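Asker: Show me how the following folds:
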Amino acid sequence: MSVFTGHLPGTREYRRLLAGLFFAGVATFAQLYAPQAVLPQIAAEADVSAATAALTVSAATLGLAAAVIPWSMVADRICRVPAMVIGISAATALGVAAPFSPDITVLLLVRLLEGIALGAVPAIALAYLSEEVDVRHAAAAAGSYIAGTTVGGLSGRIVAGPIGDVVDWRTGVWATAALCAVAAVLFVWLVPRARGFAPGRSRKPGARALGGTQSRGPASEPPGVASAGAPGILVRLWAAFRAPGQLALYAQGFLLMGAFVAVYNYLGFQLSAPPFSLSHTVVTLLFLAYLAGTVSSPWAGALATRHGRLPVLLAGIGVMAAGTALMLVPWAPAVLVGLVIMTAGFFAAHAIASGWAPARADPITRAQTSSLYYLGYYGGSSLFGWCLGLVFAALGWAGLVVGVLIMCAVAASSALLSLRAGGTTDAAR
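Answerer: Residues are numbered from 1 along each chain as shown. You can find the predicted model right below:
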């Protein structure tokens, strides 16, 4: 019996896997961030502050953060692909229902439930990818997946924003939900069944134990064998949490994503006011800066394959900070250039950190490791996406930018101190 070691670039299954996860990213992130493009209209219609309107984004990301660990448990029980299909289907139905909300309270509740359903993809996708792709190409494949999520985030914003400007925010969000439904169908059609993981699979003697060295682990064992003495979910979560260096990777998601979402949440309010006074349609077009992440994330994965993950992660954070600082210049073209640079740096860093966390993990805790990363990632989005709005209200745009730069500095410091401890070999894995 041949041993499955992962799909290789150039094969039909590898192409279908990346294409399927690309459309999963579109279906997930388009509806997750669609309200971000119409926050000023939501604030005006509901007569609430910018920070309160931003809760329509934070409620969904909070639900997602709370759901990633339960979704990882579901994926371990029923397998990766079925769990993602259930989550995307439920989220799309809730995305259609959200604009029917009669007031801001109901809207926030529906968005919370939508986020819980959406948690299936980020909780599972990278664990699935790391199990199904040959380990030598995992970093590059993860970069390609993150590129798909940038297209999703962009498409949700540029569909909802202009339509919301011409009609109303509800119609814009409905249009995004229709796009997500199409992407969900394409995901289900394209994604190949899991071969590197099966529910209840046993481990061979000598396979990597919790905290051991890198191995394909369960991928080399025949599917369908009952698990004997497999560790429980709490044991796997604790092992994933305390593994050396993993906390620093979770911190990258928590801090960098929180900073990134805050910039995009409040940039529309900043540019709509003097001295910029840009129209809402023009502000919405600035979300095209997301395309920088579509380019930078696979590029970062390729660079990490050659130079190691840690140098590329630190470079990504540095680029993100430089772009953010440039956005202090009170001139619209400078803000746009800074936004493009900041976005490219963020997605480069995220592509490395999100792929590195499960790659460093024991195979038996891989789903939990990926889930803990996204717990921090979306927890940071929910927390800082709201509380930096309070900073924006009190200290203005400059105060928000300083807060973002401090968060970048803390993220880089934690990575430098914790992730180089394993030496060059660990940094390159």
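Asker: All the strands of the stretch 251-400 of the chain, residue numbers only.
Answerer: Read by DSSP state E, counting those that start in this stretch, the stretch 251-400 of the chain holds no strands at all.
Asker: residue boundaries of the helices in it?
Answerer: Using DSSP state H, counting those that start in this stretch, the helices assigned to the stretch 251-400 of the chain run over residues 280-285, 291-307, 309-326, 332-360, 366-419.
Asker: Can I get stretch 135-145 in PDB, CA atoms only?
Answerer: Output in PDB follows, covering the C-alpha atoms of stretch 135-145 (Å, rounded to 0.1, in the frame of the first residue of the first chain):
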ATOM      1  CA  VAL A 135       5.300  19.300   3.300                       C
ATOM      2  CA  ARG A 136       8.000  20.900   1.000                       C
ATOM      3  CA  HIS A 137       5.300  23.000  -0.700                       C
ATOM      4  CA  ALA A 138       3.100  23.800   2.400                       C
ATOM      5  CA  ALA A 139       4.300  27.400   2.900                       C
ATOM      6  CA  ALA A 140       3.700  28.300  -0.800                       C
ATOM      7  CA  ALA A 141       0.300  26.600  -0.800                       C
ATOM      8  CA  ALA A 142      -0.700  28.500   2.400                       C
ATOM      9  CA  GLY A 143       0.300  31.700   0.700                       C
ATOM     10  CA  SER A 144      -2.000  30.900  -2.200                       C
ATOM     11  CA  TYR A 145      -4.900  30.200   0.200                       C
END
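Asker: Run through who's touching it.
Answerer: 5-6, 8-9, 14, 17-18, 21-22, 25, 125-126, 129-130, 133, 214, 216, 297-302, 304-305, 309, 351-352, 354-356, 359 (CB atoms under 8 Å, 6 or more residues apart in numbering). Glycine gets a C-beta too; all of them are placed from N, C-alpha and C.
Asker: mean confidence for it?
Answerer: Stretch 135-145 carries an average pLDDT of 72.
Asker: Look up phi and psi at V133.
Answerer: The phi and psi torsions at V133 (degrees, to the nearest 10) take the values phi -110, psi 140.
Asker: scratch that, A273
Answerer: Reported as degrees, to the nearest 10, the phi and psi values for A273 are phi -100, psi 160.
Asker: just the buried members of the contacts of stretch 135-145?
Answerer: 6, 14, 17-18, 21-22, 25, 125-126, 129-130, 133, 216, 297-301, 304-305, 309, 351-352, 354-356, 359 (16 or more other CB atoms under 10 Å).
Asker: Tell me which of the helices of the stretch 251-400 of the chain approaches V121 most closely.
Answerer: Closest approach to V121 among these is made by helix 366-419 (9.5 Å; CB to CB).
Asker: does the spatially most central residue of the chain belong to a helix or a strand, and which?
Answerer: Among the residues of the chain, the one closest to the centroid is P122, at 6.2 Å (CA atoms, centre = their mean). Element membership for P122, per DSSP states H and E: helix 120-132.
Asker: Now for S89, how many residues are close by?
Answerer: When neighbours are defined as other CB atoms under 10 Å, S89 has 16 of them.
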